[in-house]
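S.K.: got a predicted structure plus its sequence, pasted below:
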Protein chains: 2
Amino acid sequence: MSKQYYHASTYKSQFSIGYLVKRAHTMMLDVMEPLFEDHGFSFIQYVILAALRDGIVVNPKDICMQYRHDSGALTRVIDKLADRGLLERIRRSRDRRKVELKLTPAGHKVIESLIPLVVDKLNEALADFTKAEVQELLRLLIKLNSTLQAHLDPHVVAAEA
Amino acid sequence: MSKQYYHASTYKSQFSIGYLVKRAHTMMLDVMEPLFEDHGFSFIQYVILAALRDGIVVNPKDICMQYRHDSGALTRVIDKLADRGLLERIRRSRDRRKVELKLTPAGHKVIESLIPLVVDKLNEALADFTKAEVQELLRLLIKLNSTLQAHLDPHVVAAEA
DNA sequence: GGATAATGACTGCCAAAGCAGTAATTGCCG
DNA sequence: CGGCAATTACTGCTTTGGCAGTCATTATCC
């Protein structure tokens, strides 16, 4: 059905998209995590603040799915951020099962102070790239992600009803 | 010093290389992990077997650095794989601090049986890509990784002594 | 409309990762 | 050569993530 770029008989991890993505992610963590720890935040805490800032997530459930974080563990992380006054939980009457997460002014201030540090590191990581290469890498990653997303979603693929 | 692709004032996570790589990694896990669990292996166990198969790592230390896995935690994972007879620890006289990990025939058999499953999923994930796109994505990821690697290594960059 | 299933956040328990410290071995430098 | 720092694997303890189950709320279906 799908074309064969990889073949079991010739497969080597070194040229696997999976391996290369994992490796990139690993090294990104190595670069980024110290930034946040210096400011008293774990990586997942940064991720949550940044995702809220940019509207990537609204509810805890969104974070669980987007970042593959356990629901139970997440509750406790959010507790800590809320205790520090960086975000608040809001129960809307629309669907009272859901909790809407919202950055407080203090939360906004924190995430905005971290962004420049991240931007610097990203620029360093891309120092050898031309502008066209960066754009192409972005395009291909976005394409890969949308394919993976479609492959994961139980959503309807074909036409029906 | 380094060119500015990202700027703090316009930064949005959605177009961050870091975010996109993390997202791809997350979804790869969502796709791959069930494969291994069905066969009684965790993802990290698969990673270790595959890395040994392809010569990416030799010692526990290699795994720690390559995959950012805690040294202590890793000892216990290796214990279990050794208990199941999939790999063995060898002390060479060359440097007796190091432990060389080696797949047993049973270990080889297991990893070879898992590879086709991985290959299938990778091909599905790349179904919408042209061959040229795949090659370009590989090239750019490898380039990104080598830049990150250089940035992380404490090794000497400039000329000296 | 009312029973039943599904959803979302949360809690308690267990397994795994992260941290610090230990022991054995090796590299380094006078 | 001899002392000290660095490296590697490993062990105990703490923190965190993963899992199962609960409760409240909403959607579904007869």
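M.R.: That came through, no problem. Numbers count the residues shown, from 1 in each chain, chains lettered A, B, ... in the order given.
S.K.: name the SS class of A:Leu148, please.
M.R.: Using DSSP: H, G, I helix; E, B strand; the rest coil, the three-state assignment for A:Leu148 comes out as helix.
S.K.: so it sits against B:Ala24, correct?
M.R.: Yes - A:Leu148 is in contact with B:Ala24 according to C-beta atoms under 8 Å; the separation is 6.8 Å. Any C-beta I mention is one placed from the backbone N, CA and C, and that applies to glycine too.
S.K.: show me the contacts for the most centrally placed residue in chain A.
M.R.: Note on chain A: the residue nearest the mean C-alpha position is A:Tyr67, at 5.4 Å, using C-alpha atoms, centre = their mean. By C-beta atoms under 8 Å, 6 or more residues apart in numbering or on different chains, the contact set of A:Tyr67 is A:Ile44, A:Val47, A:Ala51, B:Lys22, B:Thr26.
S.K.: got a markdown table for these, with pLDDT too?
M.R.: Converted to a markdown table, the contacts of A:Tyr67 look like this (pLDDT from 0 to 100):
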| residue | pLDDT |
| --- | --- |
| A:Ile44 | 97 |
| A:Val47 | 98 |
| A:Ala51 | 98 |
| B:Lys22 | 97 |
| B:Thr26 | 96 |
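S.K.: on that earlier part again, can you pick out the residue with more neighbours from A:Leu148 and B:Ala24?
M.R.: B:Ala24 (25 against 21; other C-beta atoms under 10 Å in any protein chain shown).
S.K.: mind listing what the more buried one touches?
M.R.: A:Val21, A:His25, A:Leu141, A:Leu144, A:Asn145, A:Leu148.
S.K.: just to be sure, it is in a helix?
M.R.: Yes - per three-state DSSP, B:Ala24 lies within a helix segment.
S.K.: burial count for the spatially closest residue to it that is not a sequence neighbour?
M.R.: Take B:Ala24 and drop its neighbours on the chain: the residue closest to it by C-beta to C-beta, 6 or more residues apart in numbering or on different chains is A:Val21, 4.8 Å away. By other C-beta under 10 Å, the residues close to A:Val21 number 25.
S.K.: can you check A:Arg53 too?
M.R.: A:Arg53: 19 neighbours (other C-beta under 10 Å).
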